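Engineer: Sequence plus predicted model, see below.
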Amino acid sequence: MNNTPVSFFPKIAKHEAFILFKAFLFFFFVLASWYALRPVRNELAVQGGIYNLPWLLMGVMVAMLIINPIYSWLVSRVNQNKIILYIYSFFILNLIIFLTAWSFAGDEGRIWTGRAFYIWANVYSFFVVSIFWVTMINFFDHTDSKRFFGIISAGGSLGAFFGSSVARYFSTEICGNTSISDLGPMSLIIFSIFSLLFAIYFSRSFKPNITQLDSSDEIGGSSVEAVKNVIKDPAIRNLGIYVILFTMLMTISWMISLGIVQDWSQDPCERTGFFARIEQIVTPLTLLMQLFLASYVLRRVGSLTILTMYGFLFAIAFMAYAFYPTITTVMMVVISLRIFEYGLNKPTRESIYTKLKQQDRYKSTVFIDTFLARSGDVIGGWFVRGLVGAGVAVLSVSWAALPFAMLISFMGLKVSKAVDNE
């Protein structure tokens, strides 16, 4: 047993500080681009109706299923150093298309553009973040990941705060004030495009670590490699199940909270402002966690404790909704879950990913964080819809979700054991 004392702050050498700062800024602009659009997506979910949400989530899952083999095919054949440039440029093109469609479409066209944007936004959020972390786990080794990933995550949190602050500023546009332009919420796309351009610029410093990877500039393998590995490899399979459960429980919690929000206010402006306000509260608290606690907790208590804690946190959240279904409870639950996810659990999972083989880092991790994560959303959405359709009150769904909260703690234990045996 290692009895070496763990310092509260990780030791950072001078030559590491500059590259860590670039990684910090890289993630800052990635999340700024997404969080400017996130409150708009949430408002579209409320407007579409909670009961219809599973259909939209299914559309997202199908989109992920189509895109993943294309992504795997692409990374199998292109230079590793160009992956960020190609993928982020593709999403910038998508943003330009949405902005153009919204600008020239009539009322009916904007309805369909909004629906397409909801599905696309979910794909976008998972891919841009997942591919960022692919770059990090192929640059830093497992030891460095425990020291630095919390700090790098803090850069993302600051970017998220900046993006959500921009979104709140534009909430007057969302509420119908067209004094600036007729684009309304789509004005935020311009901000997202520039943020992604900055992210591409800072990504140039992060070439794959040749001491960890094969000497070839290409990853190789087939377009279905990720699917095969998720089925055959116990460590990757357990990670996949864990992510499905976590996103399933997040979706159940989210749908319960949307019901409470809908009962609380019928004003789209007020609801959008509430969502943006949550982002602004979550971000600084998460930032404090990432800067001052994440690295220490990861090195001190290890991944096992963090992975298994999730189930207990979800259980507390569901019981809070069952006993106190108020807007204050929504704010407290959402803030708590998000801080734990982005402050501790996400850096822990990414640290575990550094132990995987080269192809799994590029393909399996993205497949898990996109398609399997969205599959968990769909399962959670249909879980709620099925129970509500059977006559169960939305708030009573909280009790039905408790066994799955305990199951994710068990899977956290299996993930830790399987990865340690790799």
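Structural biologist: Cool, got the structure. Residues are numbered from 1 along each chain as shown.

Engineer: Might you report the residue contacts of L158?
Structural biologist: 28, 283, 287 (Cβ atoms under 8 Å, 6 or more residues apart in numbering). All C-beta atoms are positioned from the backbone trio N, CA, C, and that covers glycine.

Engineer: no wait, G109
Structural biologist: G109 is in contact with A101, counting by Cβ under 8 Å, 6+ apart.

Engineer: which among the contacts of L158 gets closest to V415?
Structural biologist: L287 (26.4 Å; Cβ to Cβ).

Engineer: for stretch 273-283, which positions count as buried?
Structural biologist: 273-276, 278-279, 281-283 (16 or more other Cβ atoms under 10 Å).

Engineer: Would you mind identifying the next helix or strand past the lowest-mean-pLDDT helix or strand in the chain?
Structural biologist: Lowest mean confidence among the helices and strands of the chain (mean pLDDT, DSSP states H and E): helix 171-174, at a mean of 55. Note on helix 171-174: by DSSP states H and E, the next helix or strand toward the C-terminus is helix 188-203.

Engineer: per-residue confidence for the residue most central in space within the chain?
Structural biologist: Ranked by distance to the mean C-alpha position of the chain (Cα atoms, centre = their mean), the top residue is F126 at 5.3 Å. Looking at F126, its pLDDT reads 77.

Engineer: what do you get for I241?
Structural biologist: Taking I241 on its own, its pLDDT is 90.

Engineer: what about the nearest residue to I200 once chain neighbours are set aside, how many neighbours?
Structural biologist: Closest residue to I200 apart from its sequence neighbours, by Cβ to Cβ, 6 or more residues apart in numbering: Y88 at 5.2 Å. When neighbours are defined as other Cβ atoms under 10 Å, Y88 has 21 of them.

Engineer: And for the one 10 residues further on?
Structural biologist: Burial of F98 is recorded as 19 neighbouring residues (other Cβ under 10 Å).

Engineer: Just confirm it contacts I119, I think it does.
Structural biologist: No. At 11.5 Å, F98 does not count as touching I119 under the criterion of Cβ atoms under 8 Å.

Engineer: so how far is the helix or strand F24 falls within off the chain centroid?
Structural biologist: Using DSSP H and E, F24 sits in helix 14-35. Computed by Cα atoms, centre = their mean, to the nearest Å, the chain-centroid distance of helix 14-35 equals 17 Å.

Engineer: what's the answer for stretch 89-105, then?
Structural biologist: With Cα atoms, centre = their mean, you get 22 Å for stretch 89-105.

Engineer: in that stretch, what's buried?
Structural biologist: Neighbour-count burial for stretch 89-105 flags 91-92, 94-95, 98-99, 101-102 (criterion: 16+ other Cβ under 10 Å).

Engineer: Which one of the residues you listed is nearest to W55?
Structural biologist: F98 (20.5 Å).

Engineer: SS state for the closest one?
Structural biologist: helix (DSSP: H, G, I helix; E, B strand; the rest coil).

Engineer: just use 17 as the starting number from now, easier for me
Structural biologist: Sounds good: first residue 17 from here, last item F114.

Engineer: how much space between it and F143?
Structural biologist: 15 Å (Cβ to Cβ, to the nearest Å).

Engineer: before we move on, what about F290?
Structural biologist: Separation of F290 from F143 (Cβ to Cβ): 27 Å.

Engineer: Also V246?
Structural biologist: When Cβ to Cβ is the yardstick, V246 and F143 sit 17 Å from each other.

Engineer: Report the buried residues of whichever strand or helix holds F262.
Structural biologist: Using DSSP H and E, F262 sits within helix 250-280. Using 16+ other Cβ under 10 Å as the test for burial, helix 250-280 gives 251-277, 280.

Engineer: tilt between the helix or strand just after it and helix 30-51?
Structural biologist: Next helix or strand after helix 250-280 toward the C-terminus (DSSP H and E): helix 284-305. Our comparison of helix 284-305 with helix 30-51, counting by axes from the mean of the first three to the mean of the last three Cα atoms, to 10 degrees, yields an angle of 170 degrees.

Engineer: Determine the set of other helices and strands touching helix 284-305.
Structural biologist: The contact analysis (3 or more Cβ pairs under 8 Å, 6 or more residues apart in numbering; DSSP states H and E) places helix 284-305 against helix 54-64, helix 158-185, helix 187-190, helix 250-280, helix 343-356.

Engineer: and with 6 Å instead?
Structural biologist: Contact here means 3 or more Cβ pairs under 6 Å, 6 or more residues apart in numbering; DSSP states H and E; on that basis helix 284-305 packs against helix 54-64, helix 158-185, helix 187-190, helix 343-356.

Engineer: I'd like the distance from it to the chain centre, please.
Structural biologist: Once both centres are worked out by Cα atoms, centre = their mean, helix 284-305 turns out to sit 16 Å from its chain's centre.

Engineer: Got the confidence number for the nearest residue to V298 once chain neighbours are set aside?
Structural biologist: Nearest residue to V298, sequence neighbours excluded (Cβ to Cβ, 6+ apart): R354, at 4.7 Å. The model reports R354 with a pLDDT of 89.

Engineer: Perfect, I'm done here.
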